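Visitor: below are the sequence and a predicted model for it; my questions follow.
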Amino acid sequence: MRQPTTASDNYHLISDTPGQWVDHTAKYGFQDITYKLSPEDGTARIAINRPEVHNAFRPITVNELRKAMDLAQDDPTVGAIILTGEGTYAFCSGGDQAVRGEGGYDDGSEPVPRLRVLDLHVQMRRCPKPIIAAVAGYAIGGGHILHMVADLTIAADNAVFGQTGPRVGSFDAGYGSSHMARIVGQKKAREIWFLSRFYSAQEALDMGLVNKVVPLAQLEGETMKWCRRIMENSPTAISCLKAALNADEDGQAGSMQLAGNATRLFYLSEEGKEGRDAFLAKRPARFRAVPTSKL
Ligand SMILES: CC(C)(COP(=O)(O)OP(=O)(O)OC[C@H]1O[C@@H](n2cnc3c(N)ncnc32)[C@H](O)[C@@H]1OP(=O)(O)O)[C@@H](O)C(=O)NCCC(=O)NCCSC(=O)c1cc(O)c2ccccc2c1O
């Protein structure tokens with residue numbers, strides 16, 4: 001008699017080879033990040049590339065990340081987005097303290113100092129495609145928040161996680177606090193912020209901060225395996241699930257994201273199209289005559 005088995009999902013058959021990356025960094029004039037696509041896998045790879053400061057971000061970096069996220073979101077060939085850091089020593093060490101000015105980060109690229117990374121967080125939440133953080137080395141401060149805001153995190157066994165805000169006179173009272181508490185619970189979130197100590201990859205796994213820990217050499221392959229599996233699945237189902245999982249935490253904006261999915265699906269239905277077609281033909285709509293109106 002056949003026995004039920006976890007292998008019946010065929011997950012073990014999915015390749016964990018690295019992506020075949022095509023580098024689009026120069027095409028978009030990016031200087032602080034790299035932007036690559038693996039067309040065969042339908043995956044975009046966005047990486048912070050400031051190794052001299054352990055991939056700390058300045059306004060230029062954040063604005064390039066926002067642009068790259070837009071590119072990946074609007075590219076119909078992309079179904080999964082990897083967010084990572086170049087090199088193996090740091091995913092990201094947070095906001096670049098050397099350009100922390102009065103009232104925000106200021107590298108001279110914008111007219112006023114801003115905390116633009118908060119806009120990036122919102123953009124990542126609203127992106128209908130899954131974002132997977134691949135973390136090698138330090139994910140600290142604002143870098144730690146970036147991986148938390150991503151939908152999934154694969155960590156290398158050399159990863160180190162933590163907040164430093166209270167040590168450097170900063171705090172993130174947005175997703176960096178509330179989303180963290182949803183992930184690890186209120187007591188643990190208070191510990192992470194109030195003590196500002198660092199945690200190993202295994203400790204992060206134990207508290208649900210990351211999805212999987214793998215040897216450093218397997219980080220890219222494992223991340224690609226997750227992306228390939230996601231690409232096998234229904235993009236609409238995944239997009240609606242992301243919106244649903246965000247919805248209660250994101251309040252009205254979260255409901256709106258979910259509602260937008262509903263409207264878009266309705267537009268694809270015969271009933272939705274009948275309303276448009278009737279208006280354009282200047283005739284009464286016959287909603288009840290089309291196959292999708294059987295509620
Ligand atoms: C990550 C480290 C623990 C690594 O330590 P290590 O000893 O290995 O390396 P060094 O400290 O010697 O660093 C080498 C080199 O890099 C520079 N550097 C590292 N991180 C940064 C950084 N974040 N900003 C600027 N420069 C950095 C370092 O100065 C060295 O330069 P040299 O010229 O001396 O070679 C350790 O580096 C570390 O603890 N880094 C700082 C982590 C940190 O405090 N990050 C900022 C937290 S606050 C934040 O990120 C933040 C950002 C936002 O945009 C917010 C927005 C809204 C609300 C809150 C925000 C927020 O809190």
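Guide: Yep, it's here.
Visitor: neighbours around A181, how many?
Guide: Number of residues near A181 (other C-beta atoms under 10 Å) recorded here: 15. Quick note: C-beta positions are derived from backbone N, CA and C, even for glycine.
Visitor: same check, this time on S170
Guide: Using other C-beta under 10 Å, S170 has 17 neighbouring residues.
Visitor: please apply the same query to R283.
Guide: Residues lying near R283 (other C-beta under 10 Å) number 9.
Visitor: L280 now?
Guide: Burial of L280 is recorded as 8 neighbouring residues (other C-beta under 10 Å).
Visitor: helix or strand for it, which one?
Guide: In the assignment (DSSP states H and E), L280 maps to helix 270-281.
Visitor: what do you get for A244?
Guide: Secondary structure from DSSP H and E places A244 in helix 235-247.
Visitor: name the helices or strands packed onto the next helix-or-strand element following that helix?
Guide: Next in sequence after helix 235-247, counting helices and strands by DSSP H and E, comes helix 251-267. When contacts are defined as 3 or more C-beta pairs under 8 Å, 6 or more residues apart in numbering; DSSP states H and E, helix 251-267 sits against helix 117-126, helix 235-247.
Visitor: next, the buried residues of the shortest one.
Guide: To tie it back to what came earlier, the one meant is helix 117-126. Neighbour counts over helix 117-126 (16 or more other C-beta atoms under 10 Å) mark V117, L118, L120, H121, Q123, M124, R125, R126 as buried.
Visitor: any idea of the pLDDT on T263?
Guide: We have a pLDDT of 96 for T263.
Visitor: what does S293 give?
Guide: 64.
Visitor: so A134 sits in a strand?
Guide: Yes: according to DSSP: H, G, I helix; E, B strand; the rest coil, A134 belongs to a strand.
Visitor: and for it, the neighbour number?
Guide: Around A134 there are 27 residues (other C-beta under 10 Å).
Visitor: domain parsing for this protein?
Guide: 13-233, 236-289 (automatic domain parsing).
Visitor: are the longest one and the ligand in contact anywhere?
Guide: Yes: counting by C-beta under 6 Å from any ligand atom, the ligand is contacted by domain 13-233 at 53-54, 56, 93-98, 115, 117-118, 138, 140-142, 164-165, 168, 170-172.
Visitor: so what would you say the end-to-end distance of that domain is?
Guide: Terminal residues of domain 13-233 are spaced 15 Å apart (C-alpha to C-alpha, to the nearest Å).
Visitor: repeat that for stretch 88-99.
Guide: 24 Å.
Visitor: and the helix or strand where M148 lies, what does it pack onto?
Guide: Using DSSP H and E, M148 maps to helix 142-149. Judged by 3+ C-beta pairs under 8 Å, 6+ apart, helix 142-149 is in contact with strand 80-85, strand 90-92, helix 117-126, strand 131-135, strand 160-162, helix 175-184.
Visitor: mean pLDDT added to these, as CSV?
Guide: What follows is the helices and strands packed on helix 142-149, written out as CSV (pLDDT from 0 to 100):
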stretch, mean pLDDT
strand 80-85, 98
strand 90-92, 98
helix 117-126, 98
strand 131-135, 99
strand 160-162, 99
helix 175-184, 98
